[in-house]
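In: have a look at this prediction, sequence included:
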Amino acid sequence: MSRQVVFTDLDGTLLDLETYSFQASAPAVKQLQNEGTPVIFCSSKTRVEQEQLRSALGVIDPFIVENGSAIFIPSGYFKNVDIPHEQINGYQVIKLGQSADLILNTVNEYRSKFPFSYWGYQDLSLPEICEITSLAQQDAIKASTRDFSETLVKGNFEALEFHHFCLAMELRGIACVHGSKFVTVMGKFADKGKAVKLLNQLYETNCGTKVTSVGIGDSGNDLPMLEAVDRPYLVQKPSGQWHTTDLSSITRIDGIASEGWAKVAKELLKDTVSAKL
């Protein structure tokens, strides 16, 4: 029998986009965990942000940080991790991206070369970050503690000059990825889809069974994840619209952010119950 594994974005998907609340999705997360279905966070959020959320929701599974820059697997979770990794603070860590120092140095190098202004976490004071992101101070500190990327939170990201900036960064091996609100700057070989495929491989190797992978997202930076799974879902944005995609296998759910997420989980739980009958 196939094992179901859920990969999910956070902001605007599992979490409300503005308040970051998981009130609507938390009961479904608990049910999936109780049924033995792994729930794998796959987000632009950092390790420390995701650790806090995992603790609050009682999630024990691996997680993918900073838009696919690294996979964190709790030590002992799998019997065998046959992919090159490092042992760091109780995790087996598979790194796909570049270091935050390299990213920041390159971002700063290009400031004088393009006629537009942009600001990342490292450019702003804590009160400014809180104002822009609507995060509490402690959460803003966690969001700015990045190991593999920088997040640009202020600037005209639709400007032609920003497009040229992104193209120049790509020549240096660095990608600019638009999320629900902000832009993540990271190593271009970091990829949510690649991370999903590696974890699927580990589940199948260690469980000895086929994995049916589910992906839930809301925005453009989720498409690599959604393209890598067997059953991709899109929840609605606050406007009531879905992100535009040509992915034919995608299911569009009537429900904004965490409310839509709970609807997807309800479908998955029905499938799990049916499979046991």
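Out: Received the coordinates, thanks. Numbering: from 1, shown residues only.
In: I'd like the distance between the residue positioned nearest the centre of the chain and Glu49.
Out: Central residue of the chain (Cα atoms, centre = their mean): Ser43, 1.2 Å from the mean position. Computed as Cβ to Cβ, to the nearest Å, the Ser43 to Glu49 distance reads 8 Å. (C-beta placed from N, C-alpha, C; glycine too.)
In: next, show the common contact partners of the two.
Out: Counting by Cβ atoms under 8 Å, 6 or more residues apart in numbering, Ser43 and Glu49 have no common neighbour.
In: how about the strands of the stretch 1-150 of the chain, start to end?
Out: Secondary structure of the stretch 1-150 of the chain (DSSP state E, counting those that start in this stretch): strands at 3-8, 39-41, 63-65, 70-74, 86-88, 91-95, 118-120, 149-155.
In: the residue lying closest to Thr8 once chain neighbours are set aside bridge partners, please.
Out: When the adjacent residues along the chain are set aside, Thr8 lies closest to Ile216, with 4.6 Å between them (Cβ to Cβ, 6 or more residues apart in numbering). Using DSSP bridges, the bridge partners assigned to Ile216 are Thr8, Tyr233.
In: the helix or strand bottoming out on mean pLDDT in the chain packs against which elements?
Out: Each helix and strand of the chain was given a mean pLDDT (mean pLDDT, DSSP states H and E); the minimum falls on helix 257-276 at a mean of 84. The contact analysis (3 or more Cβ pairs under 8 Å, 6 or more residues apart in numbering; DSSP states H and E) places helix 257-276 against strand 3-8, helix 26-34, strand 211-217, strand 231-236, strand 251-256.
In: cutoff 6 Å now
Out: helix 26-34, strand 231-236, strand 251-256 (3 or more Cβ pairs under 6 Å, 6 or more residues apart in numbering; DSSP states H and E).
In: in its sheet, what does the last one sit against?
Out: Strand pairing for strand 251-256, using DSSP bridges, gives strand 231-236 (parallel).
In: any stretches of the stretch 51-200 of the chain with poor pLDDT?
Out: Along the stretch 51-200 of the chain, no part satisfies pLDDT under 70.
In: I am finished for the moment; much appreciated.
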